[in-house]
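In: starting from these lines, generate the structure:
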Amino acid sequence: MPRLGRGTAVGLAREGALVAVHYAHNEQAAQETAALIDVNGGRAFTIAAELGVPSSSPSGPSD
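Out: The predicted structure follows:
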């Protein structure tokens, strides 16, 4: 099954963006996407978070 996020991430990196590759459960796929970007001259890093749960984000706005 094609990964729409992967295509978008690769396209953004191709245009010069530093890409944050998010994953909630599939770290391997995120690492593969970041490696694909890096091998092709882009810049990417992975970040794990369950975006539906505010306390799982690495940082965020304070109340």
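In: this structure: strands as residue ranges?
Out: Using DSSP state E, the strands of the chain run over 18-23, 43-48.
In: okay, which residue is most central for this structure?
Out: Centroid-nearest residue in the chain: Val21, 0.5 Å away (criterion: C-alpha atoms, centre = their mean).
In: wait, isn't it in contact with Arg43?
Out: No - checked against C-beta atoms under 8 Å, the pair Val21 and Arg43 is beyond contact range at 11.0 Å. To be clear about C-beta, it is placed using only N, CA and C from the backbone, and glycine gets the same treatment.
In: shared neighbours, the two?
Out: Ile37 (C-beta atoms under 8 Å, 6 or more residues apart in numbering).
In: count the residues that sit near Gln31.
Out: Counted with other C-beta atoms under 10 Å, residues neighbouring Gln31 total 14.
In: correct me, but Tyr23 touches Ala30?
Out: Yes - applying C-beta under 8 Å, one finds Tyr23 in contact with Ala30, separated by 3.8 Å.
In: for this structure, just list every one of the helices.
Out: Along the chain, counting by DSSP state H, helices occupy 4-14, 27-39.
In: the ones you listed: lowest mean pLDDT?
Out: Of all these, the minimum mean pLDDT falls on helix 4-14 (a mean of 89).
In: what angle sits between that helix and strand 18-23?
Out: 170 degrees (axes from the mean of the first three to the mean of the last three C-alpha atoms, to 10 degrees).
In: helix 4-14 vs strand 43-48, what angle?
Out: 150 degrees.
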